[in-house]
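Engineer: Just to be clear, the model below is a prediction. Sequence and coordinates:
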Amino acid sequence: MSQLSGDEGVWALVAWLVPLVGGVIGLVVRPGSGYVRHWSYLSIAFGLVIIVVDVVLGILSLLTILIPPMHIVITALGYLAGLAFLIVWVIGILRERNSIYWKPTIIYDVAKIIGAP
């Protein structure tokens, strides 16, 4: 892997630290950097995955509000999803800081769909 400039590392980190919005900022500020583009597309995909999961769980929660056992299960799934997102986010920060092109399974698949190189 080639050496990254300090500027590329900073913008890739900004892209990943703020899912969705940071990715858009990274693409606008450093569109020519493959490294920043990689992390920007992952950030946008990660933000979209978070939103979709949150909306689906919110709808399921509303649908099951009158069925307490199911509502508890959906609420627990929401907390587990939040924990999983936090873990993926921290791993992403560590991978980016180590200049590793990371391809997390579902997030990378979504990034490819939205146009990642």
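Structural biologist: Everything's here; your move. The model shown is predicted, which means the values in this text are computed figures rather than measured ones. Numbers count the residues shown, from 1 in each chain.
Engineer: okay, CA-based contacts and neighbour counts for the rest of this
Structural biologist: Fine.
Engineer: Contacts only, for Ile107.
Structural biologist: For Ile107, the set of contacting residues under the criterion of Cα atoms under 8 Å, 6 or more residues apart in numbering consists of Leu42, Ala45, Phe46, Val49.
Engineer: Recalculate using a threshold of 6 Å.
Structural biologist: When the contact criterion is Cα atoms under 6 Å, 6 or more residues apart in numbering, the partners of Ile107 are Ala45, Phe46.
Engineer: and it, backbone torsions?
Structural biologist: As for Ile107, its main-chain torsions (degrees, to the nearest 10) stand at phi -60, psi -40.
Engineer: repeat for Ser33
Structural biologist: Phi and psi for Ser33, reported as degrees, to the nearest 10, are phi -90, psi 120.
Engineer: what's around the nearest residue in space to it that is not next to it in sequence, how many residues?
Structural biologist: By the measure of Cα to Cα, 6 or more residues apart in numbering, the closest residue to Ser33 outside its immediate chain neighbours is Glu8, 7.1 Å from it. Using other Cα atoms under 10 Å, Glu8 has 19 neighbouring residues.
Engineer: looking at this protein, which residue lies furthest from center?
Structural biologist: Leu66 (32.4 Å; Cα atoms, centre = their mean).
Engineer: how about it, secondary structure?
Structural biologist: Secondary structure of Leu66, reduced to three states by DSSP: H, G, I helix; E, B strand; the rest coil: coil.
Engineer: my guess is Val36 meets Val14, correct?
Structural biologist: No: in this structure, Val36 sits apart from Val14 without contact. The criterion is Cα atoms under 6 Å, and the distance is 9.4 Å.
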